[in-house]
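[1] everything below, folded, please.
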Amino acid sequence: MKGMNAKRPAVFLTIALLFFGAQKPRAQAPNFEPRFESDGRLDAPIFELPQIDAQKFARAALVASGADEGRTERHLKALDALWAELSQRLDGIGMEEGAEKILSFMYEKILRKYNFDQTRVDLTMDTGVYNCVSSSILFMYFCKRADIPVCAVETPRHAFCMIFAENGAIDVETTNPYGVNPGKTRGQDLGGGKTQWITVPAKDYAGRHQVDDRRAIGMVYNNRIVQLQKKRLNAQSVGLAIDAYQVQGKSVLARSDLELCVGNAASDLISGGREQEAIDFLKGAEERFGPCDNWSKKIQTAFHNLLLKKANSLPYKEALAELDANKENLLPRDYAELKEYVYLLNSQKAAQKHDWPAAIERAKVGLEEFPQSKRLLNFKNAFTQNWAADFHNAAADLYNAGKKEEAVAKIKEGLAALPQNKILLSDLEKMSK
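    The predicted structure is shown next:
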């Protein structure tokens, strides 16, 4: 008989279920201890109002900068001494001229070098290095001491100040020593009868908006948080975000930043394979700050990945029980996907041992719950063909060894298990000729 010497290889199907979250797992520091309480040095009652007096404003800005208590007190004393010197230059002049004197004094006594990222007021006091936020904070402090009404102005990528002088509101670019009333030309006496005329260009910033004192301090926190995010130190950003939330009177914007920082820290845990820690961390955040849709989704993601691990490590029935026990923690589609996966995995484990009857039966059990599952149907069909191939190959060996009757018996045995199987029916027809 032609064709019985041809062997049929078994077909194996693989299954894959993706872990949710970051695409590339990142190493996570073993000690994950984000601070959940606000800095005790923050004077909570002062943040109930949008305006803060000069001394408390400076203290809060130094705390926001990360200065310890010793450095904070030292810098407050230094600011007091600077104010005592500056105040002597402000007698009998208007608010705009007073602002000019304040800004000029800052560049004479404090500000030395601009750095885009240097938002910490304590470091500005120590080194003279500043950016738009740290220089604005110092300018606001001195204006408050001088009783010049002042506020911060925020744009998507910049910050400056605005004073409310006798003739109306005036912008102040604190990153320039001549930044009061940009667009105005002013003369600088060079001596010897010479004058240098200076104009700081006025800019029409898109998205500019006035912010209160609380948000001004919040910008210090935000810039520090951004620096931590660039270094992927997301856990450390959580405590700063909580402080910023407290300082800004629990505003909607501060809440959004807090949610983002907590979510990023949780994502680091999830991508590092520490799902249970992520779940506990996020639930702790919800207990302290209330529900958050983003946190809930990450909890579901962590449960999904955790249960996927258990599906791969636990016996079949235990995996199903674990999945059912956590059904409420998963989205319906994730629960269904994971349960289908458990059935697929159970079927595949039998197939890996060439136990085709068990592999087929397990796929059928899954199809009873998921009758539309193409993957389970493909498993059942592929493993059925593999079982038929085993009968075919055994019969071919017998037939080629001259044992035709035994070969026919083997095919009939196969047809008893797999009635109407086309491979075995074809074999039986060929043997009958």
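[2] I'd assumed Tyr245 was in contact with Arg255.
    Yes. Using C-beta atoms under 8 Å, Arg255 is in contact with Tyr245, at 6.4 Å. No exception for glycine: its C-beta is placed from N, CA and C like everyone else's.
[3] who has more neighbours, the two?
    Tyr245 (24 against 17; other C-beta atoms under 10 Å).
[4] show the subsequent helix or strand relative to the lowest-mean-pLDDT helix or strand in the chain.
    Least confident helix or strand of the chain, by mean pLDDT, DSSP states H and E, is strand 194-199 with a mean of 56. Moving toward the C-terminus from strand 194-199, the next helix or strand (DSSP states H and E) is strand 209-211.
[5] list the buried residues in that next one.
    Judged by neighbour count using 16 or more other C-beta atoms under 10 Å, the buried positions of strand 209-211 are Val211.
[6] what pairs with it, and is each one parallel or antiparallel?
    Strand 209-211 has its sheet partners listed here by DSSP bridges as strand 150-155 (antiparallel).
[7] where are the low-confidence patches of the stretch 101-250 of the chain?
    183, 185-202, 204 (pLDDT under 70).
[8] can you pull out the strands in it?
    Counting by DSSP state E, counting those that start in this stretch, the stretch 101-250 of the chain has these strands, from start to end: 113-114, 129-130, 150-155, 158-165, 168-172, 185-191, 194-199, 209-211.
[9] run the angle between the longest one and strand 150-155 for me.
    Translated: strand 158-165. Between strand 158-165 and strand 150-155, the angle comes out at 150 degrees (axes from the mean of the first three to the mean of the last three C-alpha atoms, to 10 degrees).
[10] who does strand 158-165 touch, helix- and strand-wise?
    For strand 158-165, the packing partners by 3 or more C-beta pairs under 8 Å, 6 or more residues apart in numbering; DSSP states H and E come out as helix 95-109, helix 132-145, strand 150-155, strand 168-172.
[11] residues in contact with the first one?
    Contacts with helix 95-109, where a contact means C-beta atoms under 8 Å, 6 or more residues apart in numbering, come from 82, 85-86, 89-90, 93, 135, 138-139, 142-143, 146, 148-149, 163-167, 170, 172, 174, 177-181, 186.
[12] counting neighbours, what do you get for Ala285?
    Ala285: 24 neighbours (other C-beta under 10 Å).
[13] quick one: which helix or strand includes it?
    helix 275-289.
[14] and Lys250, how many neighbours does it have?
    Neighbours around Lys250, by other C-beta under 10 Å: 12.
[15] I meant Glu286, not that one.
    Neighbours of Glu286 (other C-beta under 10 Å): 15.
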